[in-house]
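Q: Structure for this input, please:
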Amino acid sequence: MDRIAQAKRAAAEKYGDELPLEALERARLMAEAQGWVRVRMAARIEREAEQIGEDVVVPIPGQDVGSGSRPSKRDPKPLGIVFDHLVKTRGWGTQLEIGSMAARWPDIVGEAIANNCQVESFEDGVLTLRAGSTSWQTQMRALSAFLDKRLEEELGPGVVKEIVVGGPFARSWKHGRYSVPGRGPRDTYG
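A: Residues are numbered from 1 along each chain as shown. Alright, predicted model coming up:
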């Protein structure tokens with residue numbers, strides 16, 4: 001401790017900062033005379049994870065204020081804990097589950113269905129799928145009970161309330177100002 005004090009004195013004398021150093025030393029002596037001794041309390045990482053969003057605590061004498069080598073609630077948190085807290089407070093859980101479902105779509109429904117039917121959107125419990133052809137659109141409507149059960153297993157009950165299967169985007173055969181009325185093309189090229 002003497003070497004540290006000597007180093008501080010040498011630095012203060014070299015740079016001319018003796019007055020602040022003396023004021024700090026007087027404040028420490030006054031605090032010690034009044035019984036204010038800094039004592040570290042054990043910190044728990046599990047409790048810290050729950051305290052991410054709490055207000056700043058003004059330390060009282062003997063309370064850990066978070067500086068030093070021991071863990072405290074002011075220490076940086078692991079990114080996973082911070083991210084989980086953010087997702088929970090903002091209510092993003094369902095949207096993240098749907099996003100992960102869209103990313104894992106081939107694993108959930110299989111390669112054959114995933115190659116011919118993609119997730120288009122998910123809003124207010126309605127999952128919209130886009131089929132590659134009208135035959136796959138019909139097939140997906142027939143498989144909707146299987147698909148509903150599979151999504152319930154992956155995401156939980158009640159997340160997907162309705163499944164809407166749309167067909168492929170049809171090409172427009174109308175070019176120019178004039179067109180002949182009629183039924184147009186009959187196939188989706190799928």
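
Q: Beyond the helix or strand of the chain with the lowest mean pLDDT, next helix or strand please.
A: Ranking every helix and strand in the chain by mean pLDDT, DSSP states H and E puts helix 45-50 at the bottom, with a mean of 48. Using DSSP states H and E, the helix or strand that follows helix 45-50 in sequence is helix 79-90.

Q: longest helix of the protein?
A: helix 18-33 (DSSP state H).

Q: tell me the phi and psi of R3?
A: Dihedral angles of R3 (phi, psi; degrees, to the nearest 10) stand at phi -60, psi -40.

Q: Next, the buried residues of stretch 83-94.
A: Within stretch 83-94, the residues that count as buried by 16 or more other C-beta atoms under 10 Å are H85. C-beta here means a position set from N, CA and C on the backbone, and glycine is covered the same way.

Q: Can I get that stretch in CSV, CA atoms only?
A: Coordinates of each C-alpha in stretch 83-94 appear next as CSV, following Å, rounded to 0.1, in the frame of the first residue of the first chain:
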residue,chain,number,x,y,z
PHE,A,83,-31.2,-9.9,-25.5
ASP,A,84,-33.6,-12.2,-23.6
HIS,A,85,-34.6,-9.3,-21.3
LEU,A,86,-35.1,-7.0,-24.3
VAL,A,87,-37.3,-9.6,-26.1
LYS,A,88,-39.4,-10.2,-22.9
THR,A,89,-39.9,-6.5,-22.2
ARG,A,90,-40.8,-5.5,-25.8
GLY,A,91,-43.1,-8.5,-26.4
TRP,A,92,-41.1,-9.7,-29.5
GLY,A,93,-41.2,-13.4,-28.5
THR,A,94,-44.0,-14.5,-30.9
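
Q: Kind regards, and thank you for your time.
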